[in-house]
Each structure stands twice: as C-alpha cells, then as structure tokens.
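# my questions concern the predicted model and sequence given below.
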Amino acid sequence: MYRPNDAPNSLTSSEKKRLRDRKAQKTLREKRDAHVKSLEDRVAFCERHHGHAQAQRLLATVESLSRENERLRVRQERLKGVVTEWEVEDAHGHHDAGLALNRQGSSDDAMLSLGYNMASASASTTASASTSPLASTGHKQHTIDTKTSVSTPLQNLGPDLPPWYQTPINNYGHNLFYFPATCPWLSNPHLIALCPPYPSPLDLLHGTRRNYLANQIHHLIRRRAFRDSECLALGWLAYLFSKWRATPSPETFARLAPFQRPVAIQLQKGHPAALDLMPWPQLRTNLIKNWTKFDFVEFAGYASCCIKVRWPWGEDVLERDEEDRFQVRLEFMEVFMRESGWGLTTEFIQRYPEFVEGMDVENVRFRFELPDLETLSFQKSEI
C-alpha cells in the first residue's frame, strides 16, 4: 500500500500507475468542473441580457421597422407614380389632358384612364427588340393572348392608382414557424433592380452567381419535386412577378402573364408573398381567404407534385439560338404564359376541394398522357 511518506523510488510499477491514474482523473474533474462553470456563466448571461421578454421586445421592434419600411416604400412609389403621370401629361400636352378630363367627367376617372392607357401602351411595346425575351433569339415575334382573367381585374379596383402601381399586401407578421411561405429575395429590391428584365433558362434550372433573383428562385424551386418543365415555367413566372413586385413600373407590369395580375383580395388582405405566385387567380383568392387554416408544409408538398404545365412528355423545353445559346422554346412559352396552359392533378383536387371552389374543375384537371414509347425509342435511335 502506498503511503505519502514513501519515496517515489520505493513504489512498485502498479502503484506508480495508480498514482498517475489518480492525477489524470483529478485533472479531468477540474477541467470538467471549469467547463460546467463556464457554461453556467454563459447561460446566466444570456438569461440576463437575452431573456424571453428581451426577445419579444426585439421582435416587436423588427416588426415595427418592417411596417415603417413598407409605409416609406409605398410613399416613394406614389411619388414615382405622380412624376410618371406628369411626364405623360407633358408628352401629350395639356390640351389632350383637358379633353380626357371632359370625356371622363371627373379627375379621378381621368387618372384611372391614364394609368390603364400607360399599362396598355407599355404592353404593346414590350415585344420590341429592346425588351422582348425572344428578340435576341432569332424567333419571329408572336402575340400572346392578353385577355384579363375572369377574377376581379386590377383595373376595376379604383381610380386612385394606376394598375401597375398596386402591389399585393404581404405584411402579415412574418412568423416563419406559423407560416414558412416566404420569398426572401423580395427583401432586397435593390439587388432585384440590378437583374436583367428576363432570366436565362439555364440560370433558373441550374443556378448562377451572376443573377441574384434567378439564383434565389432556383434554390427555392429545386427544393420541391418539380419536373424541369415546371421548374422552368414556374421559375420564369416567379422572376417576372418578382421584378414587378420589387420595382413596380408600367414596363415590369406589362411583362406579367395576364393571369398573374393581382386580384382584389391580394391588394386588400395581408398574406405571405408565396401565395401570389400561384398560377390561377381564383386559387390565389381561396388560399388567401384560408391561409391561416391549413398546413403549408403539406400543401407545398402536394402543390409541387400536382401543379403541371400542359406540355407533352419528353418534348424539349429549350432550343439553341443563332449564337448556340440555350433559350426557352417559343411554343413552350406560349403554353405556360396562358392560364389554360396549367393544370392540377386529381390528387390535389380531392385533397383540397376548398381551394378549387369557383374554378372550372374539369377544365383545370390535369390528366397524365403516357408517351408513345415507339416514337420515343425512334427519337433516341436517331440521336
């Protein structure tokens, strides 16, 4: 048995080993106790400076700042709208403005007519060489159907603001635990403003470092089970809508597909921005009425599998232009830029009947058509 007065040289090897083990255990206990004490001090500090009450105050401050920023943005856009209207009046002359006032019967009606004419004129010019997505591809320019949706058209909402200026209300508290349906890129309108009017299809499908908006949309869509055709079509529509939402103008508004234009409830009731990206105006209306009542995670899963663009199975959605660059096929674009070019599968309709209320369900229903295997094998053999 080892005793304190024993000389180290008199210890056996087993006693020396036990002595080393005791010292090592003591050192380990001291380190562990010091670490636990450090953690306790950190927890106490966090509870003292970042407790629940403090966190609530910070969240309230953030929400207040968000609302203040939204009000400032609205005021800024109103000023832009006024300046734009002055420029239009200068271009057409005061005499024409006076005639418009007399024909409409009131200044408010004249303002509505002015805003509508600005958007219409811009829509007719966006197919020009400077703005058309097909201008640099060698395609002949075709006119896309621009009939207004059956839902309440934006132009009828009131004479106060032109249609291109009236953007959806996306202020709803931004509680990600309650509803994680957000479009985070919309919080950076200055970055969106730097992006080109139209995206590259490869940027939407594969991501990019050169186009902030296209890359953000790519990351969001690729989280879901979309086919490439839906990824490209939904990504393209989301890009056009986000450009208008972040930088509203007659030009960005005119690039929207007709069914993308907001309906009354989008301008009157706060809701998450992701709901504005749904292709059908009536579906958006139903979702905004009920968005606090359903599980969004489950809904997003169904939507990613059940929203379909009516494009033949196996058909290419891209082609090469004269400079050997990939572009969206004109025929494919003409499909997804029409509301009738989209469908919902039976699984979605049966799972969410309340979301398709007011819609022509049979016209919306998407039925899978199996490809002709002989044709596909012939095409592969040619390749």
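Done, it's in. Predicted model, so just to flag it, every value in this text is computed and none were measured.
# now the host helix or strand of E77: average pLDDT?
Using DSSP states H and E, E77 maps to helix 52-104. Averaged over helix 52-104, pLDDT sits at 59.
# also stretch 349-358?
Averaged across stretch 349-358, the pLDDT comes to 94.
# correct me, but V263 touches N286?
No. With contact defined as Cβ atoms under 8 Å, V263 does not reach N286; the gap is 11.1 Å. All C-beta spots, glycine's among them, are computed from the backbone N, C-alpha and C.
# so where's the stretch 251-383 of the chain shaky on pLDDT?
370-383 (pLDDT under 70).
# can you give me the strands for this protein?
Secondary structure of the chain (DSSP state E): strands located at 307-309, 318-320, 326-328, 342-344.
# out of those, the one nearest L240 is which?
Closest approach to L240 among the strands of the chain (Cβ to Cβ): strand 326-328, 12.3 Å.
# what comes up buried for that closest one?
327-328 (16 or more other Cβ atoms under 10 Å).
# nearest to A257, of the strands of the chain?
strand 342-344 (10.0 Å).
# need the contact partners of that closest one.
279-280, 306-310, 336, 356, 364-367 (Cβ atoms under 8 Å, 6 or more residues apart in numbering).
# ChimeraX command for the buried members of those?
Command for ChimeraX that selects the buried part of the contacts of strand 342-344, burial taken from 16+ other Cβ under 10 Å:
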select :279,280,306,307,308,309,336,356,364,366
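# looking at the contacts of strand 342-344, which is nearest L65?
Nearest to L65, judged by Cβ to Cβ, of the contacts of strand 342-344 is P279 at 33.3 Å.
# L256: what's it in contact with?
With Cβ under 8 Å, 6+ apart, L256 has these contacts: 240-241, 244.
# what do you get if the cut-off is 6 Å, keeping everything else the same?
With contact set as Cβ atoms under 6 Å, 6 or more residues apart in numbering, L256 has these partners: 240, 244.
# check F348 too.
302, 306.
# okay, it and C306: tell me how far apart.
To C306, F348 is 4 Å away according to Cβ to Cβ, to the nearest Å.
# low pLDDT regions in the stretch 101-250 of the chain?
Ranges of the stretch 101-250 of the chain meeting pLDDT under 70: 101-160, 173-181.
# one more time with 50
The stretch 101-250 of the chain contains residues with pLDDT under 50 at 101-132, 134-159.
# how about the helices in it?
107-125, 189-193, 201-206, 212-221, 228-246, 250-254 (DSSP state H, counting those that start in this stretch).
# between those helices, which one is nearest to K269?
Checking these against K269 by Cβ to Cβ gives helix 228-246 as the closest, at 16.4 Å.
# send the alpha carbons of the closest one over as CSV?
Output of helix 228-246 as CSV, limited to C-alpha atoms (Å, rounded to 0.1, in the frame of the first residue of the first chain):
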residue,chain,number,x,y,z
ASP,A,228,-37.7,20.5,-65.4
SER,A,229,-40.7,21.8,-67.4
GLU,A,230,-42.5,23.1,-64.2
CYS,A,231,-39.2,24.4,-62.8
LEU,A,232,-38.6,26.5,-65.8
ALA,A,233,-42.1,27.7,-66.3
LEU,A,234,-42.8,28.5,-62.6
GLY,A,235,-39.4,30.0,-62.3
TRP,A,236,-39.9,32.2,-65.3
LEU,A,237,-43.3,33.4,-64.0
ALA,A,238,-41.9,34.0,-60.5
TYR,A,239,-39.0,36.0,-62.0
LEU,A,240,-41.3,38.3,-63.9
PHE,A,241,-43.6,38.7,-60.9
SER,A,242,-40.8,39.5,-58.5
LYS,A,243,-39.3,42.0,-60.9
TRP,A,244,-42.6,43.9,-60.9
ARG,A,245,-43.2,43.4,-57.2
ALA,A,246,-39.8,44.8,-56.3
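# show me what it is packed against.
With contacts defined as 3 or more Cβ pairs under 6 Å, 6 or more residues apart in numbering; DSSP states H and E, helix 228-246 has these neighbours: helix 201-206, helix 212-221, helix 250-254, strand 307-309.
# the longest one packs against which elements?
On a contact count with 3+ Cβ pairs under 6 Å, 6+ apart, helix 212-221 meets helix 201-206, helix 228-246.
# the shortest one too?
Strand 307-309 makes packing contacts with helix 228-246 when contacts are defined by 3+ Cβ pairs under 6 Å, 6+ apart.
# would you map out the domains in this structure?
8-49, 52-382 (automatic domain parsing).
# tell me the spacing between the closest residue to D276 other than its chain neighbours and S13.
Leaving aside its chain neighbours, D276 sits nearest to P168 (5.1 Å; criterion: Cβ to Cβ, 6 or more residues apart in numbering). In this view, P168 and S13 are 81 Å apart by Cβ to Cβ.
# pick out whichever of the two has more residues nearby.
The neighbour count for P168 versus S13, taken as other Cβ atoms under 10 Å, is higher for P168 (22 against 7).
# gap between the nearest residue to T252 once chain neighbours are set aside and E15?
Of all residues not flanking T252 in the chain, W244 sits nearest, at 3.9 Å (Cβ to Cβ, 6+ apart). In this structure, W244 and E15 are 83 Å apart, going by Cβ to Cβ.
# nearest to W236, out of the helices and strands packed on helix 228-246?
Nearest to W236, of all those, is helix 201-206, at 6.6 Å by Cβ to Cβ.
# good, wrapping up.
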